[in-house]
Each structure stands twice: as C-alpha cells, then as structure tokens.
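[1] Here you go, sequence then predicted model.
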Amino acid sequence: MFNFFEELFAPGRKHTSDEQKRLELSRVDLGIGDPHRGPIDLASGKVTVRPPDTGTESDPDSEEPYAAG
C-alpha cells in the first residue's frame, strides 16, 4: 500500500528505483573486451599467451628467517 501512495504523490521515485535496480543488475567490464588490449585480437587473428610469473625476484615470505647467532 505504501508504494501506491509513493507512486501517487512522487511519480519520479519510481523511475529512480527502476534505475537503481537496473544498475544493480548491470556490470562494467574494465577493458577486457577492448580491441588490441586483450589476449585475443579477432581482427588480426592473433592470440597473446603470457607465461605465468616465475618470481625471478626473491620472495620475502619464502626466505628462511635470519637467525642471530
């Protein structure tokens, strides 16, 4: 019943709530499908495959702790 009065006295609120619901259901892809930026370029027919980072720098978590002696 409350929505009826809200729609009667403030019809713009319905559009606001509809927009909020739409924004909840939509998502934004941050450049994943942009041409020439992703791993697959359909226009040129090329695929970029990058090897996983091997960690050439020393990882401080993997080192043994310093023992004062």
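    Looks like it came in fine.
[2] where do the strands sit along the chain?
    40-41, 46-47 (DSSP state E).
[3] Now do the lengthiest helix in the chain: which elements does it pack against?
    The helix that spans the most residues within the chain, counting by DSSP state H, is helix 12-25. In this structure, helix 12-25 makes packing contacts with helix 2-9, judged by 3 or more C-beta pairs under 8 Å, 6 or more residues apart in numbering; DSSP states H and E. All C-beta spots, glycine's among them, are computed from the backbone N, C-alpha and C.
[4] List the contacts of the helix it packs on.
    For helix 2-9, contacts defined as C-beta atoms under 8 Å, 6 or more residues apart in numbering pick out 13, 14.
[5] Quick check: which helices or strands does the helix or strand of the chain with the lowest mean pLDDT pack against?
    Within the chain, confidence by mean pLDDT, DSSP states H and E is lowest for strand 40-41 among all helices and strands, at a mean of 72. The helices and strands touching strand 40-41, judged by 3+ C-beta pairs under 8 Å, 6+ apart, are strand 46-47.
[6] which helices and strands sit right next to the strand it packs on?
    strand 40-41.
[7] What strands line up against the strand it packs on, and which way round?
    If you go by DSSP bridges, strand 40-41 pairs up with strand 46-47 (antiparallel).
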